[in-house]
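Participant: sequence below, structure please.
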Amino acid sequence: MNATFHTVDDIEKKTILILKILNSEPGPMGSRLLSRYLQDHGVSLSERAVRYHLKSLDERGLTRLVGRHDGRIITEMGVEEISSARVHDKVGLAISRIENLAFKTTFDPKKRRGLIPVNISFIPKECFRDALGVMTPAFDAGICSSELVLYAEEGNRIGEVFIPDGMVGFATVCSVAINGVLLKHGVPMDSKFSGILQIKGDMPLRFVELIYYSGSSLDPSEAFIRGKMTSVRKAAEEGAGEILSNFREIPATSRGIVEGLVSNLEKAGIKGVLSIGEISEPICQIPVDVNKIGIILIGGLNPVACIQETNIEIENHAMSTVVEYESLTNFYQVLKSTRDS
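Facilitator: The predicted structure follows:
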């Protein structure tokens, strides 16, 4: 008989994941539903095993039973536990999210269907119409991964993400879409860092700030926006400013394939590639490894960075989930429909 042994580390990882799932849900969840959600996260636990973990969480005050058949909800202590637990596990989380989302991407730019990764921003619903107006210059200037967006009212979902009360969920195409499409065509893309790219005369000049994905627990773009380190609207309107960008490397031998895929992506409305460099040559003053080519991608959160620049407080969740490409709508159609309503 084969026995499965679980270390304390394994158990803690699973309990933290259960807490995160409960925290993302608006209501109580039972062991059956939790078991299914855990499976979606690559963790196989039977309903009986989930009940065992929940009983332990109840005893620690991190979850609370709501009725015999209704399931559990997370407590305030549970929320605090998520934010403080397993710091060493959080290191490298950003790069892991890139890899996971790239793998989940099934978007085919020629057929124009499949799953595509998005960022999600929560915008106060009373500010949503104004926020769309603030973002417009970024879309006009092409400082975005795509003009395709998606929004949902409070109480609904975008992909796996629930939109909280008082908010509108606004999804922008994530630059990881390019990683995913290249991966499906056999091209490995090495995601190095996210940074603040200086623009002058409407042209990329150099990175003035950067954070490596491998050493960050958050998507760096979230940190840059929260720190109000961008001037996206100024770059859009004056051709000079500082925008969110990402740096990737590809094998030099894949250039022809990549250029063809980028062209197909652009025809499908995904225009996140700002610049492709030369073999082993620096790009935007960033050195490139031998037999590699550097690529600069436009950060998908640039339009919503404009909102933060105007002091409208929003909550950003970069690299958040995947949605069907066909569910996306052109930004200008959303703008028009909100103005007409």
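
Participant: report the residue ranges of every domain in this protein.
Facilitator: Using automatic domain parsing, the domain ranges for the chain come out as 8-89, 91-341.

Participant: now those domains as CSV including mean neighbour count and mean pLDDT?
Facilitator: All C-beta atoms are positioned from the backbone trio N, CA, C, and that covers glycine. Putting the domains of the chain into CSV (neighbours: other Cβ atoms under 10 Å; pLDDT from 0 to 100) gives the following:
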stretch, mean neighbour count, mean pLDDT
domain 8-89, 15, 80
domain 91-341, 19, 93
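
Participant: hang on, residue 137 packs against residue 234?
Facilitator: No - counting by Cβ atoms under 8 Å, residue 234 is not a contact partner of residue 137; they are 9.2 Å apart.

Participant: any residues in contact with both of those two?
Facilitator: When Cβ atoms under 8 Å, 6 or more residues apart in numbering defines a contact, no residue borders residue 137 and residue 234 alike.

Participant: what's the helix or strand for the residue nearest to residue 74 when sequence neighbours are not counted?
Facilitator: Among residues not flanking residue 74 along the chain, residue 22 sits closest, at 4.2 Å (Cβ to Cβ, 6 or more residues apart in numbering). For residue 22, the host element (DSSP states H and E) is helix 8-24.

Participant: beyond that helix, next helix or strand please.
Facilitator: Scanning forward in sequence from helix 8-24 by DSSP H and E, the next helix or strand is helix 31-40.

Participant: helices or strands next to the helix or strand that that following helix is followed by in the packing?
Facilitator: Following helix 31-40 in sequence order, the next helix or strand is helix 47-59 (DSSP H and E). In this structure, helix 47-59 packs against helix 8-24, helix 31-40, strand 63-65, strand 72-74, with contacts taken as 3 or more Cβ pairs under 8 Å, 6 or more residues apart in numbering; DSSP states H and E.

Participant: make JSON lines from the ones you listed and add distance to residue 114 to it.
Facilitator: Output for these, formatted as JSON lines (distance: least, Cβ to Cβ, whole Å):
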{"stretch": "helix 8-24", "distance to residue 114": "24"}
{"stretch": "helix 31-40", "distance to residue 114": "18"}
{"stretch": "strand 63-65", "distance to residue 114": "36"}
{"stretch": "strand 72-74", "distance to residue 114": "33"}
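
Participant: for the stretch 51-200 of the chain, what spans make up the strands?
Facilitator: Taking DSSP state E, counting those that start in this stretch to define them, one finds strands in the stretch 51-200 of the chain at 63-65, 72-74, 115-124, 148-152, 157-158, 161-162, 167-173, 190-200.

Participant: residues contacting residue 74?
Facilitator: 19, 22, 23, 62, 63.

Participant: now with 10 Å, please.
Facilitator: Contacts for residue 74 were tallied using Cβ atoms under 10 Å, 6 or more residues apart in numbering; they are 18-25, 28-29, 57, 62-64, 81-82.
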